[in-house]
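1. Structure for the following, please:
(chains A and B, ligands or ions: 2)
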Amino acid sequence: MSKILVIAEHLGGKLNPSTARAVSAAAAVKPEAIDVLVLADAVDAIAAEAAKIEGVSRVLTIVRAENAHPLAAVLAPQIAKAAAGYSHVFVPSTTFGKDVAPRVAALLGVAQVSDVMSVESAHTFKRPIYAGNAIVTVEANSAHTVVATIRTASWPAAASGANSAPVEALNVDVALPSHTRFIELQQGKSDRPDLQSASKVVSGGRGVGSKENFEIIYKFADKIGAAVGASRAAVDAGYVPNELQVGQTGKIIAPELYVAVGISGAIQHLTGIKDAGTIVAINKDGEAPIFEIADIGLVGDLFKILPELDSAIG
Amino acid sequence: MKILVGYKRVVDYNVRIQVKPDGTGVVTDGVKLSANPFDDIALEEALRLREKGVATEVVVVAIGPADLTAHLRNGLAMGANRAIHVVTDAAVQPLTAARVFQRLVEKEQPGLVITGKQAIDDDANQTGQMLATLWDRPQATFASKVDISVESGADGKATVTREVDAGLEVIEVELPAVITTDLRLNEPRFIKLPDIMKAKAKPIDTIEFASLGIEANDHLKTTHYAAPPKRSRGVMVKDATELVAALKQKGLL
Ligand SMILES: Cc1cc2nc3c(=O)[nH]c(=O)nc-3n(C[C@@H](O)[C@H](O)[C@H](O)COP(=O)(O)OP(=O)(O)OC[C@H]3O[C@@H](n4cnc5c(N)ncnc54)[C@H](O)[C@@H]3O)c2cc1C
Ligand SMILES: Cc1cc2nc3c(=O)[nH]c(=O)nc-3n(C[C@H](O)[C@H](O)[C@H](O)COP(=O)(O)OP(=O)(O)OC[C@H]3O[C@@H](n4cnc5c(N)ncnc54)[C@H](O)[C@@H]3O)c2cc1C
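-> Ligands and ions are numbered 1, 2, ... in the order given. So this is what the prediction gives:
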């Protein structure tokens, strides 16, 4: 029988929704137990949130001052120790998980399955390669612990509220390196919905033309209660900060509604929105590749259309 | 300081990948191959560090079949001092690639290894982190800015800005270390014709994979390849009013 350790991702004392998505993937393995491991300098609030997630058997915590920031070199030895007795270690495939999971796998001397999209059996998974242009079925060796990152856009967040899993402190005796130090996190402050978990997203591309012009995207997003995203070209041109980038090398998202404005539809961008519910494209070029995959397309000048949409919505 | 750079050859990012109808792989015959874009960025960063006087030697490393020579020559033409080619016909999984790099690190004693954050074929995003772990050294992944300060005598440190989901994270790592590159770290230079001629004189060391004595424990077996579910063309609407009506009908507004 499988026993799965899910590594919690958190920031500022709050659990990241990616954790509940990884729990969903763990549940798909039909294991005997799903334990969530929280590593932090103060764990109580995070552990309490994790304990509510449906399907979680126990929440394990490791409290150490060194765990104040998610440094992979510091967390990995603790996770590798805590992994003893588990058949699987699942980590969300976010920048947090992508940073730390390979370190855990290397410590355990096992291969890692990156970006699990579906669970076929306890050791067989599907994952994307070539920017999602091919999906491979991979079989992990059942004699080893499976270390996997979970592609969050492929999994719904496990429900929260009904559960109250026990919280237990874990003592792992392992020396931690001091060669890696956290300096700071520069975060764009925003009251808008979080790009990675929002149900609606409006993204702007190079067609928006400037940082000032991007106001029109923000305004429309606020009107419909959407998060804001961008193409790489828009980020590279300095219209918006990097954390808004959607695509192969940005965020992979699965909102119910995705509105692409002034975005041509390069495959690297489309990789980020393959799992979106409805894709709307607004582009002045009727030949733009984005229209080949859009559910609803509208050809025209975004500077004319967005204000019209604004008034049409009322 | 010496810098080792991971320089993997992959299917060019402009190629539309086709899965073979029998599900045994993707079509790679006659398809354009190029350096992994993240590895071009890794090489560019290493070259800039050499131009600043931080590094003295830049070595590109590729693991793969015998015909990688032309690919490595591109890295040399871009400016690397020399190349190491670890020859194998097998598909090398990240843990094995990391073990190969570890052997090369033991031999070459670099102050820094720079790899791409991911190779755009397998998109694993593992090799750099695994190498750092096997080497028991720090890692700074997804770098968009790198500052190296080397004080005389000491090994020095790198201050690295990382592109993370929440924004930009700055960390400091002691050297030697592994850095993996994100797209905005730099813009790689173009290779000039005279450099291609000059590169012919630069050395490429070839090492047989088998001679490294690495257990290629490639634990993952790829059993099937499939094309992703296709999204198809939907409807076109003629104006904002029609768009709003369509979205309302779907319950999205
Ligand atoms: C046609 C084809 C068929 C394949 N078939 C299989 C298969 O059947 N089974 C299977 O497991 N895998 C298969 N692979 C993929 C396999 O070879 C991967 O490339 C390998 O798993 C490494 O993953 P990655 O390159 O995505 O690593 P990543 O961790 O994404 O690479 C990160 C960085 O590490 C460095 N690096 C990694 N590998 C090398 C290298 N070889 N040389 C130099 N630097 C390197 C680079 O700097 C790179 O940017 C296939 C690949 C291709 C193109
Ligand atoms: C390795 C690699 C990874 C990459 N990763 C990503 C990634 O993660 N995400 C990503 O987005 N890209 C990524 N890219 C870049 C990608 O290839 C494209 O360059 C990029 O997505 C283009 O952005 P864009 O659509 O905004 O710009 P463009 O392609 O320039 O398109 C702009 C569009 O705006 C339209 N337009 C202009 N003016 C107006 C107007 N007034 N009204 C309406 N429409 C207008 C134009 O018709 C055009 O279609 C990557 C590239 C590489 C090589």
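
2. in chain A, which helix has the most residues?
-> In chain A, with assignment by DSSP state H, the single longest helix is helix A:95-108.

3. is that one anywhere near chain B?
-> Yes. Applying CB under 8 Å from any CB of the partner chain, one finds helix A:95-108 touching chain B at A:95-96, A:98-103, A:105-107. Any C-beta I mention is one placed from the backbone N, CA and C, and that applies to glycine too.

4. Downstream of that helix, the next helix or strand is which one?
-> Next along the chain after helix A:95-108, taking DSSP states H and E as the criterion, comes strand A:112-116.

5. hmm, the longest helix of chain A in reach of ligand 1?
-> No. Helix A:95-108 stays clear of ligand 1 (CB under 6 Å from any ligand atom), getting no nearer than 7.4 Å.

6. so for that helix, what's the average pLDDT?
-> Across helix A:95-108, pLDDT averages out at 98.

7. Equivalent analysis for stretch A:82-91, please.
-> Rounded mean pLDDT across stretch A:82-91 is 98.

8. and if you look at stretch A:119-134?
-> For stretch A:119-134, the per-residue pLDDT averages 95.

9. okay, how far is it across that stretch, tip to tip?
-> End-to-end distance for stretch A:119-134: 17 Å, by CA to CA, to the nearest Å.

10. Confirm that residue A:90 sits in a strand.
-> Yes. With DSSP: H, G, I helix; E, B strand; the rest coil as the criterion, residue A:90 is part of a strand.

11. Look up which residues are beta-bridged to it.
-> residue A:6, residue A:148 (DSSP bridges).

12. residue contacts, it?
-> A:4-7, A:22, A:25-26, A:116, A:148-150 (CB atoms under 8 Å, 6 or more residues apart in numbering or on different chains).

13. between those residues, which is closest to residue B:115?
-> residue A:149 (17.7 Å; CB to CB).

14. hang on, the closest one packs against residue A:116?
-> Yes. With contact defined as CB atoms under 8 Å, residue A:149 and residue A:116 form a contacting pair (6.9 Å).

15. Next one: the longest helix of chain A, is it in contact with ligand 2?
-> No. Helix A:95-108 is not in contact with ligand 2 by CB under 6 Å from any ligand atom; minimum separation 12.9 Å.

16. Give me the angle between that helix and strand A:88-92.
-> 160 degrees (axes from the mean of the first three to the mean of the last three CA atoms, to 10 degrees).

17. Strands of the stretch 151-253 of chain B, residue ranges please.
-> Using DSSP state E, counting those that start in this stretch, the strands of the stretch 151-253 of chain B run over B:157-164, B:167-174, B:177-181, B:204-208, B:221-226, B:235-237.

18. Turn those into TSV, including mean neighbour count.
-> Shown next, in TSV, are these (neighbours: other CB atoms under 10 Å in any protein chain shown):
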stretch	mean neighbour count
strand B:157-164	22
strand B:167-174	20
strand B:177-181	29
strand B:204-208	14
strand B:221-226	15
strand B:235-237	14
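
19. what about those, which gets the closest to residue A:279?
-> The stretch from the strands of the stretch 151-253 of chain B with the least distance to residue A:279 (CB to CB) is strand B:235-237; that distance is 11.8 Å.

20. From the contact counts, what lies against that closest one?
-> Applying 3 or more CB pairs under 8 Å, 6 or more residues apart in numbering or on different chains; DSSP states H and E, we find strand B:235-237 packed against strand A:296-299, helix B:240-249.

21. Let me know which of the ones you listed is tucked in deepest.
-> strand A:296-299 (a mean of 22; mean count of other CB atoms under 10 Å in any protein chain shown).

22. chain center to the very next helix or strand once past it, what's the gap?
-> The helix or strand immediately downstream of strand A:296-299 is helix A:302-313, counting by DSSP H and E. Counting by CA atoms, centre = their mean, to the nearest Å, helix A:302-313 is centred 31 Å from the centre of its parent chain.

23. Before I go, just wanted to say thanks for your time.
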